[in-house]
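Participant: Can you look at this prediction? I've put the sequence above it.
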Amino acid sequence: MTPAKIPSVTVLAEARRRAEQAAQEAKTSNAEKQADDTTATEGEAPGQPDPRVGRKDKVLPARFPQDGEDLFTAEEWEAQRLAAFQGKAHEALAVGVRELGAPLEELAIPRRAAGPRDIVIDLEYCGLCHSDVHTARGEWGSRAVPLVTGHEMVGRVCAVGSEVQSWQVGERVGVGCMVGSCRVCEPCKRQDEQFCIHNAVGTYGTWDEPHSERTQGGYATSIVVPEDFVLRIPEKIGPAHAAPLLCAGITMYAPLEDLRVGPGDKVAVAGIGGLGHMAVKLAAAMGAEVTALTRTQAKAEDARRLGAHDVVLTTDEGSMAAARGRFTVLVDAISAPHDVNALLDLLAPRGTVVLAGLPADADGSEMPLVDPRTLVNRGLRLAGTKIGGIEQTQRMLEFCADHGVVPDIEIVTAADMNEAWDRMVAGELHYRGVLDIGSLDSHLNA
Ligand SMILES: [Zn+2]
Ligand SMILES: [Zn+2]
């Protein structure tokens, strides 16, 4: 049989080329087009043109350093920090892009005053997610700029609104891919805010109707968030390790919990990167027998260290043939176009393949279609998954604390962010990059 088409360097280079082209096109049409509006999360569909014409937020308020000057004098910065700690409107120091596809650089962005039910968070760390790159490079459609991405952030509460009762100043908290939703639709009432029929408010690049602003993410010194979209970070998990749990962690936990994975299950994980390495750890902690599917011998050895009981080299036809019909659940965390049919072949009858990532080619035109006979003849299920609700995310954090599950991370400084993004796209980060917010200063890639 044919080995699974796991992404090659050529595919990545081609994706990058198309991304640059898309970014260029987005740039050209910036002047007359309005911004698109979608949440930017793992498993997110690409943006549709924003039907709400007339909104003048294509260019967001932000400041960049001019003529080599710092963004703030020491006194100005102290005043901004004081305002943040008093819950007043302030400027945050951030890392973002001026235009889609442009390199990351340092900028100052406004944060609103805390409303009665908002909390202000003094951020410490923010994870680097593939979605950040897809969004900032224009691979998922146009967005208002300048854009600050980042939706895996952890910090401490530094101010609370007048009606906030469940959070205390000084508590360690996190924010993931959503900062709001309608709260009254059926999915919201079922704690599935990520499927809000009015669209959840994405942590960055999304129009936030109640606050009349377009959201800016967590590569920043502070953020202001409604109290019901904040997560409690268990003390057993360090802040840098907790950050990637808020997108990568929940994205992998939700399908495993939804499918009630446990002892007796044979779980395969395809794509051992930022997402996949979490799936290996989580499924093993749930008691399943875990097999990593990977293209390279180096990743194969590492997968065992992460907790995989077995490894199948997808480039080896013999191993793939031997693994046929073996798995009850296969988590597909491959972030480039690939053939899902080859993965379905590995399932036992009634098995499920869960798609968790969206490649840059988000319209799926480069993905071979699934042959219906493959599904029908052995009663297989092909499913998708998209982060998780706030309640499930909190449950995931407690599970990770109880079972000692944390991501493997590389701490990245602001000055190394552009390189870190390139390394993430090339699959070279082991396994999740985490921006140290304390490293933000005025010398990003100068
Ligand atoms: Zn993400
Ligand atoms: Zn809703």
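Facilitator: Looks like it arrived, so ask away. Residues are numbered from 1 along each chain as shown. Ligands and ions are numbered 1, 2, ... in the order given.
Participant: Where does the residue nearest to Gly170 when sequence neighbours are not counted fall, secondary structure wise?
Facilitator: Spatial nearest neighbour of Gly170, excluding adjacent residues (Cβ to Cβ, 6 or more residues apart in numbering): Arg156 at 5.9 Å. Every C-beta, even on glycine, is put in place using the N, C-alpha and C of the backbone. Taking DSSP states H and E as the criterion, the element that holds Arg156 is strand 153-160.
Participant: Show me the strands paired with that strand, marking each as parallel or antiparallel.
Facilitator: strand 118-127 (antiparallel), strand 172-175 (antiparallel) (DSSP bridges).
Participant: Pick the most buried one from the ones you listed.
Facilitator: strand 118-127 (a mean of 27; mean count of other Cβ atoms under 10 Å).
Participant: What is the following helix or strand past it packed up against?
Facilitator: Proceeding N to C from strand 118-127, the next assigned helix or strand is helix 130-136, under DSSP H and E. Applying 3 or more Cβ pairs under 8 Å, 6 or more residues apart in numbering; DSSP states H and E, one finds that helix 130-136 contacts helix 417-425.
Participant: What distance do you get for Val331 to Ala279?
Facilitator: 5 Å (Cβ to Cβ, to the nearest Å).
Participant: pLDDT (mean, whole number) over the strand or helix carrying Thr291?
Facilitator: Following DSSP H and E, one finds Thr291 within strand 289-294. Averaged across strand 289-294, pLDDT comes to 97.
Participant: what are the pairing partners of it, and which direction each?
Facilitator: Per DSSP bridges, strand 289-294 is paired in its sheet with strand 266-270 (parallel), strand 310-313 (parallel).
Participant: Contact residues of the protein facing ligand 2?
Facilitator: 181-182, 185, 188, 196 (Cβ under 5 Å from the ion).
Participant: Mark which of those residues are buried, thanks.
Facilitator: Neighbour-count burial (16 or more other Cβ atoms under 10 Å) applied to the residues of the chain next to ligand 2 gives 181-182, 188, 196.
Participant: which ones among the residues you listed are found in helices?
Facilitator: Mapping these onto helices (DSSP state H) picks out Cys188.
Participant: Can you name the element that comes right after the lowest-mean-pLDDT helix or strand in the chain?
Facilitator: Among the helices and strands of the chain, helix 9-28 carries the lowest confidence by mean pLDDT, DSSP states H and E, at a mean of 47. Next along the chain after helix 9-28, taking DSSP H and E as the criterion, comes helix 74-85.
Participant: follow-up on the earlier one: the strands paired with strand 153-160: which one's closest to Ser166?
Facilitator: Counting by Cβ to Cβ, Ser166 lies closest to strand 118-127 out of the strands paired with strand 153-160; the figure is 9.3 Å.
Participant: Can you dump the C-alpha atoms of the closest one in CSV for me?
Facilitator: Extracted in CSV, the C-alpha atoms of strand 118-127 (Å, rounded to 0.1, in the frame of the first residue of the first chain):
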residue,chain,number,x,y,z
ASP,A,118,-13.5,42.3,32.9
ILE,A,119,-10.2,41.3,34.3
VAL,A,120,-6.8,42.7,33.4
ILE,A,121,-4.0,40.2,33.1
ASP,A,122,-0.3,41.0,33.4
LEU,A,123,1.0,38.5,30.9
GLU,A,124,4.1,36.3,31.5
TYR,A,125,4.2,33.8,28.6
CYS,A,126,2.4,33.2,25.3
GLY,A,127,2.6,30.0,23.2
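Participant: What's the mean pLDDT across it?
Facilitator: Computed over strand 118-127, the average pLDDT equals 98.
Participant: Briefly note if it comes near ligand 1.
Facilitator: No: using Cβ under 5 Å from the ion, strand 118-127 stays clear of ligand 1, coming no nearer than 7.6 Å.
Participant: Same question for stretch 215-233.
Facilitator: No: Stretch 215-233 lies out of reach of ligand 1 by Cβ under 5 Å from the ion, never closer than 10.1 Å.
Participant: Any idea how far apart the tips of that stretch sit?
Facilitator: 23 Å (Cα to Cα, to the nearest Å).
Participant: Now for the residue of the stretch 1-150 of the chain found nearest ligand 1: which residues touch it?
Facilitator: Using Cβ to the ion, the closest approach of the stretch 1-150 of the chain to ligand 1 is made by Cys129 at 3.1 Å. For Cys129, the contacting residues are 42, 149-152, 244, 247-248, 274, taking Cβ atoms under 8 Å, 6 or more residues apart in numbering as the criterion.
Participant: still on that earlier bit, buried sites along the following helix or strand past the strand holding Thr291?
Facilitator: For strand 289-294, the following helix or strand on the C-terminal side (DSSP H and E) is helix 297-306. Applying a neighbour-count criterion of 16+ other Cβ under 10 Å, one finds 299-300, 302-303, 306 buried in helix 297-306.
Participant: cool, stretch 202-215 as well?
Facilitator: So for stretch 202-215, counting by 16+ other Cβ under 10 Å, buried means 202-208, 211, 213-215.
Participant: Now do it: distance to the chain's middle.
Facilitator: 17 Å (Cα atoms, centre = their mean, to the nearest Å).
Participant: who touches Met178 in this structure?
Facilitator: By Cβ under 8 Å, 6+ apart, Met178 lies in contact with 39, 41, 193-194, 200-203, 229, 387, 390.
Participant: how about 10 Å then?
Facilitator: 39, 41, 151, 193-194, 196, 199-203, 206, 215, 225-226, 229, 387, 389-390, 393 (Cβ atoms under 10 Å, 6 or more residues apart in numbering).
Participant: How about Thr296?
Facilitator: 6, 272, 302, 313-315, 427.
Participant: Name the nearest of the residues you listed relative to ligand 1.
Facilitator: Nearest member of the contacts of Thr296 to ligand 1, counting by Cβ to the ion, is Gly427, at 15.8 Å.
Participant: Now the two most distant members of the residues of the chain next to ligand 2.
Facilitator: Ser181 and Cys185 (8.0 Å).
Participant: what touches both of these two?
Facilitator: 192-193, 195-198.
Participant: At which residues are the helices of the stretch 201-350 of the chain located?
Facilitator: Assigned helices in the stretch 201-350 of the chain, in chain order: 239-242, 248-258, 276-285, 297-306, 317-322, 340-344 (criterion: DSSP state H, counting those that start in this stretch).
Participant: for the stretch 101-250 of the chain, what are the low-confidence residue spans?
Facilitator: Within the stretch 101-250 of the chain, no stretch has pLDDT under 70.
Participant: Contact residues of the stretch 51-200 of the chain facing ligand 1?
Facilitator: So the stretch 51-200 of the chain meets ligand 1 at 129, 131 (Cβ under 5 Å from the ion).
Participant: one step back: of all the helices of the stretch 201-350 of the chain, which lies closest to ligand 1?
Facilitator: helix 248-258 (6.6 Å).
Participant: Right, I'll leave it there.
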